[in-house]
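>>> here you go, sequence then predicted model.
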Amino acid sequence: MKAKSIKGKSTAEIQSALALAMAENSLQGAEAFSPTLAIVFLSVKQDREAITTLLDEKGIQVFGATTAGEFIDGDIEAGSVAIVLLEMHPAHFTIKFLETTQATAKETAKELGIICKHSFANPALLVATGGVFIDGDHIIDGILQGYASDSSGAGDLTVFGGMAGDDLIGEKPIVFTNGKNADNAILALIIDADKIDVRGIATCGWKAVGTTKTVTKSDGNIVYTIDDKPALDMLMKYLGVDIKIDGDKDVVTFLNSWYYPLQLERDNGDVVIRATRFANSKDRSLICTGTVPQGAAIKFSLPPEFDSIETVVAECASIKDNEEQQADALVMFSCVSRYLSFGALMKEEIEQVQNIWAAPMAGFFTYGEYGKSKTGKHEFHNNACCVVALREK
């Protein structure tokens, strides 16, 4: 499977880069490059409809999401467009776009799981979700429940992806494909895993601090009290976080929380990160990007140390069958919190991961990630790096 990555700061630059990518092989006397699929990550400042139309006119199907920053190969961008073009046989993939709401997201995700089951005998799924209040746990749980609901019996479904961003505005992240775009929607790239090898891992490196505490009151992704004290006050007290509250707003964007997520301890010993993206100034609650069950054991987190990059790179390398194995293309979904924490060092993490596979890469900084951890369990993650390697069999 041929793949090439292109980038640009405008529709005109993407048009030129696309033309060059498609003509390059012919100029060198090789077989022409005719992409059928474009994985597109772009800033909300870009004209996504114009870029999608440009690709559509070339017969290229689009899997797209807005971002909180883009990267391509080893270069980190802002306000730009990053695309990986794939010459994948059209019979080996399908794209589904499902609009939803905060209240119906799990049912919509179940519908997607059923669609996956009937798309291919052995499907793999890349997913992107829009909106700011959709619970990521509902998405991953719904997909897996829908896929398993058919009585004919199904093997494991591979799922990786991310929540779209909107340059940290926190209002309207969007997913899009040919002729369709929305904020409250689920976009799915379903791949025939009998034809395309899809493997990946979600890894983090964030370390817990302090003693285990108990969520004493919560509802879905809203945490009201921790150890019977207001959740926002507990976080501010124990981590020394100062939040400036606008008196005219009840719910405020709490950007510092990207640095100080909750670590949710699962019964099986796994730990899942939950970013507290919003705070309510009246009831002193924290609004997370995923479910935090009442009664859950949690710890607070401090920003990661630099050795977490080494952890991520090592865990990404662990999914290779052997050192020589390569990929045709890479897609990375990396939480924006990693970029906020690491700054310029984020380039090092991206480059080292790409060097493991030696393949064209496109990725974006997300508001949450979907995928398997090293324990093999699918989860909705925050503050994680999710890497997906694609290779034609």
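Alright, I've got the coordinates.
>>> where in the stretch 151-300 of the chain is pLDDT low?
151-155, 241-259, 268-269 (pLDDT under 70).
>>> helices of that one, start to end?
In the stretch 151-300 of the chain, the helices defined using DSSP state H, counting those that start in this stretch lie at 231-239.
>>> any idea what the residue nearest the centre of the chain is bridged to?
With distances taken as C-alpha atoms, centre = their mean, the residue of the chain nearest its centroid is residue 162 (1.7 Å). Beta-bridge partners of residue 162, counted by DSSP bridges, are residue 128, residue 369.
>>> ok, now residue 5?
As for beta bridges, residue 5 partners with residue 84 under DSSP bridges.
>>> so it touches residue 362, yeah?
Yes. At 5.4 Å, residue 5 and residue 362 qualify as touching, with contact defined as C-beta atoms under 8 Å. Placement of C-beta: from N, CA and C, glycine included.
>>> which residues in the stretch 101-250 of the chain form strands?
123-129, 158-163, 175-177, 180-182, 185-192, 196-203, 207-219, 222-226, 229-230 (DSSP state E, counting those that start in this stretch).
>>> list the helices and strands the fifth one packs on?
Strand 185-192 sits against strand 61-66, strand 93-99, helix 105-119, strand 123-129, strand 175-177, with contacts defined as 3 or more C-beta pairs under 8 Å, 6 or more residues apart in numbering; DSSP states H and E.
>>> re earlier: can you redo the strands of the stretch 101-250 of the chain as TSV with distance to residue 380?
Below are the strands of the stretch 101-250 of the chain laid out as TSV (distance: least, C-beta to C-beta, whole Å):
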stretch	distance to residue 380
strand 123-129	10
strand 158-163	9
strand 175-177	16
strand 180-182	20
strand 185-192	13
strand 196-203	9
strand 207-219	16
strand 222-226	16
strand 229-230	25
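>>> closest one to residue 353 among these?
Evaluated with C-beta to C-beta, the strands of the stretch 101-250 of the chain place strand 196-203 nearest to residue 353, the distance being 9.8 Å.
>>> per the record, what domains does the protein have?
Domain assignment for the chain by automatic domain parsing gives 3-203+307-392, 207-302.
>>> looking at the ones you listed, which is buried most?
Highest mean neighbour count among the domains of the chain (mean count of other C-beta atoms under 10 Å): domain 3-203+307-392, with a mean of 20.
>>> span of it from start to end?
Taking C-alpha to C-alpha, to the nearest Å as the measure, domain 3-203+307-392 stretches 11 Å from start to finish.
>>> repeat for stretch 65-83
Terminal-residue distance, stretch 65-83 (C-alpha to C-alpha): 11 Å.
>>> thinking again about what came up before, need the helices and strands packed on strand 185-192 in a markdown table (columns: distance to residue 149).
Output for the helices and strands packed on strand 185-192, formatted as a markdown table (distance: least, C-beta to C-beta, whole Å):
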| stretch | distance to residue 149 |
| --- | --- |
| strand 61-66 | 25 |
| strand 93-99 | 16 |
| helix 105-119 | 6 |
| strand 123-129 | 15 |
| strand 175-177 | 24 |
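>>> let me know which of those is the nearest to residue 370.
Taking C-beta to C-beta, strand 123-129 is the member of the helices and strands packed on strand 185-192 nearest to residue 370, at 5.9 Å.
>>> and the angle for the closest one with strand 158-163?
For strand 123-129 against strand 158-163, the angle by axes from the mean of the first three to the mean of the last three C-alpha atoms, to 10 degrees is 10 degrees.
>>> show me what strand 123-129 is packed up against.
Using 3+ C-beta pairs under 8 Å, 6+ apart: strand 123-129 touches strand 61-66, helix 105-119, helix 136-148, strand 158-163, strand 185-192, strand 196-203.
>>> just put those in JSON lines and tack on distance to residue 382.
Formatted as JSON lines, the helices and strands packed on strand 123-129 follow (distance: least, C-beta to C-beta, whole Å):
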{"stretch": "strand 61-66", "distance to residue 382": "17"}
{"stretch": "helix 105-119", "distance to residue 382": "17"}
{"stretch": "helix 136-148", "distance to residue 382": "8"}
{"stretch": "strand 158-163", "distance to residue 382": "9"}
{"stretch": "strand 185-192", "distance to residue 382": "18"}
{"stretch": "strand 196-203", "distance to residue 382": "10"}
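>>> tell me the contacts of the spatially closest residue to residue 42 that is not a sequence neighbour?
Among residues not flanking residue 42 along the chain, residue 81 sits closest, at 4.2 Å (C-beta to C-beta, 6 or more residues apart in numbering). Applying C-beta atoms under 8 Å, 6 or more residues apart in numbering to residue 81 gives the contacts 7, 8, 9, 13, 14, 40, 41, 42, 43, 46, 51, 70.
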